[in-house]
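[1] Pasting the sequence and the predicted coordinates here, then a few questions.
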Amino acid sequence: MDQLRPVPDGAPSQEGASSPAPDLVDLLRACGRGDESSFAQLYDATSSRVLGLAVRVVRDPAQAEEVAQEAFLEIWRMSGRFDPAKGSPLGWLLTIVHRKAVDRVRSAEASTRRDTTYTQRNQPVDHDATAEAGLASLEAQRVRGALSTLTDVQREALELAYFGGYTHTEVASMLDLPVGTAKTRIRDGLIRLRDTMGVGA
């Protein structure tokens, strides 16, 4: 169709497509009566303007298309309420589009804020994880250094109990020792580790 050209409000309706704005008034009135053919003509005549405005506000083509669809749905539902005495048909259409687009932008911003807040509250930040890994590495070096100060029997018993995850009874069985002896070696080893690492000092 010819490019849409604004005309003064209240201009008389004319037959044909040479005067688009009066046609929009007639099309809106017909849409208000449930005329789907008129709605199709209205869509063809205004869709490029509607989508263009939606893109300018939303800044995302895919979301702008959704906004345009929502706007046309509301235009179809509200067309019976259009009053040409209060403004041009194109102005009325674009007001609906602009409102829908602004609502979409606000909704997207609110969603982003909620997602950001949730992430900040529920997930550790990267530098925290890095710091924790560094501290764990330093602590492991201290433990290995302290283990080297133990006697062979103490270190063996401790490694089975704390690194191997075995119970005192299992350690005693594996080392072919009485349970009391295994417990003593583990206890003495822990005391020596504590003194070497300065825990509680």
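    Noted; the coordinates are in hand.

[2] from here on, contacts and neighbour counts on C-alpha atoms
    Will do.

[3] helices and strands of the protein: which one bottoms out on pLDDT?
    The least trusted helix or strand in the chain, going by mean pLDDT, DSSP states H and E, turns out to be helix 126-147, with a mean of 61.

[4] what is the rounded mean pLDDT of the following helix or strand past that helix?
    Following helix 126-147 in sequence order, the next helix or strand is helix 152-158 (DSSP states H and E). For helix 152-158, mean pLDDT rounds to 81.

[5] Would you mark the buried spots in helix 152-158?
    154, 155, 156, 157, 158 (16 or more other CA atoms under 10 Å).

[6] Relative to residue 196, how far out is residue 67?
    For residue 67, the distance to residue 196 (CA to CA, to the nearest Å) stands at 69 Å.

[7] Looking at those two, which one has more neighbours?
    Between residue 67 and residue 196, counted using other CA atoms under 10 Å, residue 67 has the larger neighbour count: 26 against 16.

[8] Could you chop this structure up by domain?
    For the chain, automatic domain parsing gives the domain ranges 20-122, 128-197.

[9] which one of these has the lowest average pLDDT?
    Averaging pLDDT over each of those puts domain 128-197 lowest, since it has a mean of 75.

[10] any idea how far the lengthiest helix in the chain is from the chain center?
    In terms of residue count, the longest helix belonging to the chain (DSSP state H) is helix 89-122. Distance of helix 89-122 from the chain centroid (CA atoms, centre = their mean, to the nearest Å) equals 14 Å.

[11] That helix packs against which elements?
    On a contact count with 3 or more CA pairs under 8 Å, 6 or more residues apart in numbering; DSSP states H and E, helix 89-122 meets helix 20-32, helix 36-58, helix 61-78.

[12] and that helix, which residues are buried?
    89, 90, 92, 93, 94, 96, 97, 98, 100, 101, 104, 105.

[13] Just give me the neighbour total for the residue lying closest to residue 155 once chain neighbours are set aside.
    Leaving aside its sequence neighbours, residue 155 sits nearest to residue 147 (CA to CA, 6 or more residues apart in numbering; 6.3 Å). As a burial measure, residue 147 scores 22 neighbours (other CA under 10 Å).

[14] swap in residue 159?
    15.

[15] Roughly how far does it sit from residue 192?
    14 Å.
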